[in-house]
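[1] Can you look at this prediction? I've put the sequence above it.
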Amino acid sequence: MRRVVKVVFVSLVLTGMIAGCKKGEEHPVTNMPQQMPAAPMGQMPQQMPAQPMGQAPGQMPLQSPMPPHGDSAGMGQMPPNGAPKVQRTIVVPEVVKGKWSKVVLNVADKGSNKSGEYTVKLKSEFKIPNTDLKIKVGDFLPDFRMNGNTLTSASDQPNNPAVNVEVFEGGKSIFKGWLYAKFPSAHPFEHPKYAITLKEGLKS
């Protein structure tokens, strides 16, 4: 009797082992796909900086004809956030020298809304009638551009006219900078009563 029980027990064990092997064959283990290592907690994964649209990789941005911030080279305005002034040099190209002799300035009285136009020679001083203001006119650049720390003209054409002026009130200098015909709101002459803007330059 014991032998019969033993034989039956062995048969059941073998049957279970065979069934387990077949079950394992029916459900093979698949390899998990490899993944990139996760970035440390609290740290964003590194990404390549995006290239500006319309610009080839490694290409330097083009300089803008918009006027720069003021400095001691005649811009007259303090840079933002109290940054130190930048020394810039004014260079009048040979193609421009001697061809432009005057500028037309517009002076407006903010209180009466009256304005007048005055033609002033370059490198001269002009006393605005019925005011305590005097304007000292310097260089005129018909096509104002900034090239590094140099202020110059890209051509002899009035594409971006600008004139360097200094304004005095009661003998005291209150403004030293550039007036731009096409950008009158860029670093303008600020005064509670008067506004001074550049209309155009005149050739000799």
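    Yep, it's here.
[2] Please, where are all the helices along the protein?
    Here the chain has its helices, by DSSP state H, at 2-26.
[3] if you go through it in chain order, where are the strands?
    89-90, 100-109, 114-121, 124-127, 133-141, 144-147, 150-153, 162-169, 172-180, 194-203 (DSSP state E).
[4] who wins for proximity to residue 186 among the ones you listed?
    Proximity to residue 186 (Cβ to Cβ) singles out strand 172-180 among these, at 5.4 Å. For glycine as for every other residue, the C-beta is placed from the backbone atoms N, C-alpha and C.
[5] Show me what counts as buried in the closest one.
    Neighbour-count burial for strand 172-180, counted by 16 or more other Cβ atoms under 10 Å, picks out 175, 176, 177, 178, 179, 180.
[6] go on, stretch 187-204?
    For stretch 187-204, the neighbour count (16+ other Cβ under 10 Å) marks 187, 188, 189, 194, 196, 197, 198, 199, 200, 201 as buried.
[7] Determine which two of those residues are furthest apart.
    Applying Cβ to Cβ across these, the maximum distance is between 194 and 201, 21.4 Å.
[8] Leaving out sequence neighbours, find the closest residue to residue 135.
    residue 126 (4.9 Å; Cβ to Cβ, 6 or more residues apart in numbering).
[9] Reformat the buried residues of strand 172-180 as CSV; add distance to residue 157 and pLDDT.
    Below are the buried residues of strand 172-180 laid out as CSV (distance: Cβ to Cβ, whole Å; pLDDT from 0 to 100):
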residue, distance to residue 157, pLDDT
175, 28, 97
176, 27, 96
177, 23, 95
178, 18, 97
179, 18, 97
180, 15, 98
